[in-house]
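1. here are the coordinates; sequence isn't available:
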Ligand SMILES: Cc1ncc(C[n+]2csc(CCOP(=O)(O)OP(=O)(O)O)c2C)c(N)n1
């Protein structure tokens, strides 16, 4: 067996079942080996942002890594923005990147880059396999490390892929180490004695189990419960508490975070996305606020439950009303209501709606149980491919709430959705502008002249239905909230992708 087959068999033995790919010559041995590893589903994406976004969406909901097969430095470079989003989401992900043969590399051929240096800037960990006999072990380590919620780049030369190799046995499942509950008594005491404290959930703190424990803690202590601004994946709806993220706008975030005690459960200190232009740092948490970490990664849900045992009480049932089918002109509130009303049980919502979806979380707390994924790293191009990845991971209906500007960064994801027959319904929120940048200009006191305006308005409209249909995705435009709600309700039970255009 060659190195390529040894890597893929090792990955399959460790539970990997998806390879999103945009290969080139240096990955052809891996491409060929996929025929001998039927456990791994190959999914072609027509650009690398789509490859990485699929693997991100997949890994967030499956909680195990997919492979993202990329071609050399240029392929990895094209994938960087979505690998960055995945890293910020703590997504398990293995970027499998081909490299020139060892003999060819020093010749500096036209398609040569400093791949190790590039990879080090993008991912959490880089593993370079130099010899075919190490190919399988390299893959085993990559999958193991990625499974901890890390983005790993595994780089293997074409000669490593074709040289003689063997698989390695997957490591036996280590019995999960005991949860670290050492901070729980101290946090319990602080919550008992500090009025107006706030519990900030993120990461592992966003599972249904963790949220229920948080609701009990709030009922017992009177503390507030909030979610980090960019939840990677969050259980919502049904009987879960209707929690909201810390607002994006710094003044609103500061108002929420102006508390004497902040307890992190899977979260870290919130900061503004950007620093103000006066040169100060964009801090959101007052210096006087006491901050404590409830538990290290891997122990967060158990620590919340232990804390709830000490200080919790039965919470009042969730007060979120079930969504009502909206009528009338489309605006962000009615878009949110239509989506919330149409969501079937167990659906997944992927939100890259930017300004168009600002109301979604506030309006949808009473929707049927669903999971919600948001752009975590601020790098546009996440939504359409991540929706494909989430559908590939679960087979559940996926609703992608998508802003028109952000959609263009990874548009060929629509083609993969159609080719793979994925139940993804995209709501394309069209405003023909970079609206958020227009808002930020206003906040910064900029009065844009013709040149500045031309960089934040599209002016030449995009024909979304024809674009989608060109990729094989059925599309139509909806003019009011009621017809959007009905179209969404029908589309989520259609096994094929659809794109619904709305103008806001
Ligand atoms: C990869 C990347 N390139 C550029 C940006 C800068 N950027 C942030 S928001 C934005 C415009 C978003 O417009 P759209 O997606 O249409 O949403 P809207 O603001 O209109 O709601 C841009 C270009 C970014 N965040 N990421």
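-> Yep, that arrived. Bear in mind that the values here come from a model prediction, so they are computed numbers and not experimental data.

2. which residues of the chain lie near the ligand?
-> Residues of the chain lying close to the ligand by C-beta under 6 Å from any ligand atom are 81, 354-356, 378-380, 403-406, 409, 431, 433-437. Heads up, the C-betas are built off the backbone N, CA and C, glycines and all.

3. selection in ChimeraX covering whichever of the residues you listed are buried, please.
-> Per 16 or more other C-beta atoms under 10 Å, the buried members of these correspond to this ChimeraX selection:
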select :81,354,355,356,379,380,403,404,405,406,409,431,433,434,435,436,437
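
4. from the stretch 101-250 of the chain, which residue is nearest to the ligand?
-> Going by C-beta to the nearest ligand atom, the ligand is nearest to residue 248 of the stretch 101-250 of the chain, at 11.2 Å.

5. so who does that residue touch?
-> Going by C-beta atoms under 8 Å, 6 or more residues apart in numbering, residue 248 touches 229, 273.

6. please report phi then psi for the nearest residue to residue 357 once chain neighbours are set aside.
-> The shortest distance from residue 357 to any non-neighbouring residue, by C-beta to C-beta, 6 or more residues apart in numbering, is to residue 401 (4.8 Å). In terms of degrees, to the nearest 10, the main-chain angles of residue 401 are phi -90, psi 110.

7. cool, and residue 25?
-> With angles defined as degrees, to the nearest 10, residue 25 sits at phi -60, psi -40.

8. dump the residue contacts of it.
-> With C-beta under 8 Å, 6+ apart, residue 25 has these contacts: 71, 158.

9. also residue 321?
-> residue 366.

10. and the pLDDT at it?
-> Note on residue 321: pLDDT of 88.

11. likewise residue 253?
-> Looking at residue 253, its pLDDT reads 97.

12. correct me, but it touches residue 272?
-> Yes - counting by C-beta atoms under 8 Å, residue 272 is a contact partner of residue 253 at 7.1 Å.

13. between these two, who's got more neighbours?
-> Counted by other C-beta atoms under 10 Å, residue 253 and residue 272 do not tie: residue 253 has more neighbours, with 21 against 17.

14. sec struct for that one, please.
-> helix (DSSP: H, G, I helix; E, B strand; the rest coil).

15. make sure residue 116 is actually in contact with residue 128.
-> Yes - using C-beta under 8 Å, residue 116 is in contact with residue 128, at 6.1 Å.

16. which neighbours do these two have in common?
-> Joint contacts of residue 116 and residue 128 (C-beta under 8 Å, 6+ apart) are residue 155.

17. more neighbours: which of those two?
-> Neighbour totals were compared for residue 116 and residue 128, and residue 128 leads with 17 against 13 (other C-beta under 10 Å).

18. what about residue 59, helix or strand, and which?
-> Using DSSP states H and E, residue 59 maps to helix 48-62.

19. so what secondary structure elements neighbour that helix?
-> Judged by 3 or more C-beta pairs under 8 Å, 6 or more residues apart in numbering; DSSP states H and E, the packing partners of helix 48-62 are strand 18-22, strand 66-70, helix 72-88, strand 93-99, strand 370-374, helix 383-394, helix 413-419.

20. and for residue 494, the neighbour number?
-> Number of residues near residue 494 (other C-beta under 10 Å) recorded here: 12.

21. enumerate every residue touching the closest residue to the ligand within the chain.
-> Closest residue of the chain to the ligand, C-beta to the nearest ligand atom: residue 405 (2.5 Å). Contact analysis of residue 405 by C-beta under 8 Å, 6+ apart lists 354, 380, 433-434, 458.

22. mind listing which of those residues are in helices?
-> With helices taken from DSSP state H, there is no overlap with those.

23. possible to save these as a markdown table with pLDDT?
-> As requested, these are exported to a markdown table (pLDDT from 0 to 100):
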| residue | pLDDT |
| --- | --- |
| 354 | 98 |
| 380 | 98 |
| 433 | 98 |
| 434 | 98 |
| 458 | 97 |
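
24. which non-adjacent residue is nearest residue 302?
-> Nearest residue to residue 302 in three dimensions, chain neighbours excluded: residue 179, at 3.6 Å (C-beta to C-beta, 6+ apart).

25. helix or strand for residue 199, which one?
-> strand 198-201.

26. state the phi and psi torsions of the closest residue to residue 270 other than its chain neighbours.
-> Of all residues not flanking residue 270 in the chain, residue 284 sits nearest, at 5.0 Å (C-beta to C-beta, 6+ apart). When quoted as degrees, to the nearest 10, the phi and psi of residue 284 stand at phi -120, psi -20.

27. so who does residue 284 touch?
-> Shown in contact with residue 284 (C-beta under 8 Å, 6+ apart): 246, 250, 253-254, 257, 270-272.

28. check residue 37 too.
-> Per C-beta under 8 Å, 6+ apart, neighbours of residue 37: 5, 8-9, 11-12.
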